[in-house]
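In: Got a sequence here, can you model it:
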Amino acid sequence: MEIRQNHSLLEHNTFGIRAQADWFVSFHGLEDLSLLARDEYFQECRCLTIGEGSNLLFLANFHGVILHSEIQTIDRTSEDEGHVDFLVGSGVRWNDFVSLASKEGLGGIENLALIPGEVGAAAIQNIGAYGMEICERIVAVHTFHRRTGEQRIFSKDECAYAYRHSIFKEPEYADYIVTHVHLRLDKKPTLRLDYADLRERITSQYKAPTPDDVRREVISIRESKLPNPKVVGNAGSFFMNPVVDASVFETLQRSYPNMPHYPLADGRVKVPAGWLIDTCGLKGYRMGHAGVYEKQALVLINADGEATGQDIARLAEHIQSEVMQRFSIAIEPEVRYIV
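Out: As a prediction, this is how the structure comes out:
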């Protein structure tokens, strides 16, 4: 376990925001967490667990303890004719695990390639891309309660997964620290090619595509659309795609017949937030040190490396206002604000 005081968070958030934490603790396993749980200050203080900080926006310095998992284990726990189960440490880089599994021919997460972050945070956020979500592959999430020391395994159903949401984002479950994620992958996968750009790449280049073929094409698409956070600070998609009633969509479609959309099983319709922002003329827009990425309107950037969290938040608020004024649709941040 490593404990650092007044620690800079610059390297711990992909926006490249300058902030610091009173305490920064890296833990390597349950023994470290058990020691922390017996510490009176740790039990009472404000606490935040982060991965790579790829879905966070620090609006100020963090007064309390920031935890970071260094649990890097990947255990193959069971296998049958159709599936392989893994127990993956919360500190494993998500893209590394996708690469490992896809190269073995195992399917179910290949569309989620190159999403930044670590496995624990991915399970909390329920990351998704190209018609696939991590919750489809989660069997259970292993946790440690920082106040009581209880070790609890949450089944997939208990995690209450929804679009970019899990029970761990609820305040009453904030004290559960994810240590491992149990994932089940397919030996004979059915590839998910719902999105046109991905489908066109795969069908035009491969006669018998594999999960790793899909993974590599997803990486190519993402690299062409999204800035490298090591070069330009960003957190990927900043806003969630709004879901509207069918009647609302039909009204909008009369004015915007080419509006892209994705019908959902419950009759509602998902609309791409990036398209809404782009149609408002905001792609490439700058507000001081913050901006909208010129290749993808869904991505907000630390344009010159000098933006504060407040700068990014003000830009986001302006975008929300413009979209509401034009479409009467509220778009909500996917990125979590930390105050």
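In: in the stretch 201-339 of the chain, what spans have low per-residue confidence?
Out: Scanning the stretch 201-339 of the chain for pLDDT under 70 picks out nothing.
In: That one: helices as residue ranges?
Out: 211-225, 246-255, 273-279, 309-327 (DSSP state H, counting those that start in this stretch).
In: so how far is the first one from its chain's centroid?
Out: What that stands for is helix 211-225. What separates the centre of helix 211-225 from the centre of its chain is 17 Å, taken as C-alpha atoms, centre = their mean, to the nearest Å.
In: Check which helices and strands it is in contact with.
Out: The contact analysis (3 or more C-beta pairs under 8 Å, 6 or more residues apart in numbering; DSSP states H and E) places helix 211-225 against helix 94-103, helix 196-205. C-beta here means a position set from N, CA and C on the backbone, and glycine is covered the same way.
In: Looking at the helices of the stretch 201-339 of the chain, which is nearest to Glu11?
Out: With respect to Glu11, and counting by C-beta to C-beta, the nearest of those is helix 309-327 at 15.6 Å.
In: before we move on, the earlier item: nearest to Ile312, out of the helices and strands packed on helix 211-225?
Out: Closest to Ile312 of the helices and strands packed on helix 211-225, according to C-beta to C-beta: helix 94-103, at 23.0 Å.
In: ranges for the strands of the stretch 101-250 of the chain?
Out: 128-129, 132-133, 138-145, 151-155, 176-186, 233-237, 243-244 (DSSP state E, counting those that start in this stretch).
In: Quick one: the ones you listed as JSON lines, columns for distance to Ala162 and mean neighbour count too.
Out: Shown next, in JSON lines, are these (distance: least, C-beta to C-beta, whole Å; neighbours: other C-beta atoms under 10 Å):
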{"stretch": "strand 128-129", "distance to Ala162": "11", "mean neighbour count": "19"}
{"stretch": "strand 132-133", "distance to Ala162": "10", "mean neighbour count": "20"}
{"stretch": "strand 138-145", "distance to Ala162": "13", "mean neighbour count": "21"}
{"stretch": "strand 151-155", "distance to Ala162": "15", "mean neighbour count": "14"}
{"stretch": "strand 176-186", "distance to Ala162": "17", "mean neighbour count": "23"}
{"stretch": "strand 233-237", "distance to Ala162": "17", "mean neighbour count": "24"}
{"stretch": "strand 243-244", "distance to Ala162": "11", "mean neighbour count": "18"}
